[in-house]
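> sequence first, then the predicted structure:
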Amino acid sequence: MTGAHTHGTEELCEAGLDLYTRALREGRVSSAEGHAAPCPVDLGLLQPDVADLRWLRPIAPAFALHRLLRGMEERIADERRREERLASLFEPLMRIGSGHPAAAGGPSISVLSGFERINTAIAEAMADAGREALTVQPYNGRDVGARLAASLGRDQALLDRGGRIRTLYQHTVRHSPAVIARYEQLKGDAEARTLDEVTDRLIILDREAAFIPANQDRTLALEIRHPAIVDFLATAFDRLWRLATPMYPQAVHPPSPDGIPPRQRAIAGLLVEGHTDAVIAERLGMNIRTARVHIAKLAATLGSESRAQLGYLIAESGILKQEGVTE
């Protein structure tokens with residue numbers, strides 16, 4: 001087929017249909033036209049004129065339809081026979097596997113592909129949950145308000161069933177009107193806390209199921225129902241929760257010793273580790289311009305005149321030795 005008429009082998013494009021229609025009216029069309037729109041020839045609707053190969057002649061539409069339908073019926077019959085063979089093959093295997101706990105409950109870890117499939121699986125698991133939802137929601141540059149609004153209904157439904165919600169964010173959302181407004185709309189036991197850095201997105205439901213991203217752009221996710229793995233993730237969340245700073249329902253703002261705000265203190269730690277501005281911005285959930293503003297303020301506070309000197313002054317100042325400082 002030519003590039004202009006590339007489609008399924010059993011499809012008839014508009015150009016091919018026009019050519020077949022004209023052949024029925026005029027009795028024949030040229031072979032050159034058949035090369036330009038080959039699908040009628042491929043489907044057997046046009047056949048070479050044995051008396052003169054420069055021409056193509058049409059076959060009767062009723063005969064063509066009957067032949068095409070017969071081919072479909074044969075393929076359907078083949079698929080049914082294949083289905084019967086597979087059912088016969090797997091029936092004894094299913095009897096063997098039905099007594100095994102892992103086989104009876106399905107796979108412990110499932111791969112979900114595509115945002116729609118991922119969101120559907122999370123929504124179904126949320127609908128089944130009745131006790132608790134633990135979530136980590138890192139900043140990813142998207143519209144936080146729109147993402148939170150989309151999950152408002154299912155979160156409220158869990159709260160209405162007597163469940164509770166605990167969410168960890170980065171410090172950059174502490175003063176986000178969209179985030180605060182969202183929690184003010186929720187009625188029930190919902191709390192939020194923040195850290196300088198959080199893990200990638202995590203959802204744990206009733207400590208029985210967990211969802212985590214499986215690739216960089218989050219078009220793949222893992223649905224985990226392995227008790228040991230889910231328990232490990234829930235324990236990690238609990239420890240991060242104890243280290244985090246309350247944001248809602250009652251925000252806590254620890255003091256900033258030595259005049260260094262907590263956010264700049266977090267940046268200082270990453271600067272000493274040698275990270276670039278882009279990496280610092282990503283890990284702390286801010287855009288790179290904001291990160292550079294904080295770096296400039298930190299440099300001014302410490303009297304630094306260069307990036308290399310800033311790292312030295314941070315180490316000498318002792319600001320990273322103070323513990324328990326967050327914003």
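Ah, there it is.
> what sits against residue 246?
Residue 246 makes contact with 191, 192, 193, 252, according to C-beta atoms under 8 Å, 6 or more residues apart in numbering. (C-beta placed from N, C-alpha, C; glycine too.)
> read off the pLDDT value for it.
As predicted, residue 246 sits at a pLDDT of 90.
> backbone dihedrals for residue 212, both of them.
phi -140, psi 150 (degrees, to the nearest 10).
> so who does it touch?
200, 201, 202, 203, 221, 222, 224, 233.
> could I get these as JSON lines with secondary structure?
Formatted as JSON lines, the contacts of residue 212 follow (DSSP: H, G, I helix; E, B strand; the rest coil):
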{"residue": "200", "secondary structure": "coil"}
{"residue": "201", "secondary structure": "coil"}
{"residue": "202", "secondary structure": "strand"}
{"residue": "203", "secondary structure": "strand"}
{"residue": "221", "secondary structure": "strand"}
{"residue": "222", "secondary structure": "strand"}
{"residue": "224", "secondary structure": "strand"}
{"residue": "233", "secondary structure": "helix"}
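> from these, which is closest to residue 294?
residue 200 (23.0 Å; C-beta to C-beta).
> neighbours around the closest one, how many?
By the measure other C-beta atoms under 10 Å, the count of residues near residue 200 is 11.
> show me what contacts the closest residue to it other than its chain neighbours?
With C-beta to C-beta, 6 or more residues apart in numbering as the criterion, residue 200 has its nearest non-adjacent residue at 5.5 Å, and that residue is residue 213. By C-beta under 8 Å, 6+ apart, the contact set of residue 213 is 200, 201, 220, 221, 222.
> of these, grab the buried ones for PyMOL.
The buried residues among the contacts of residue 213 can be selected in PyMOL (16 or more other C-beta atoms under 10 Å) with this line:
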select buried, resi 221
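> quick one: least confident of the contacts of residue 213?
Scoring these by pLDDT puts residue 200 last, at 89.
> so that one makes contact with residue 136?
Yes: with contact defined as C-beta atoms under 8 Å, residue 200 and residue 136 form a contacting pair (7.4 Å).
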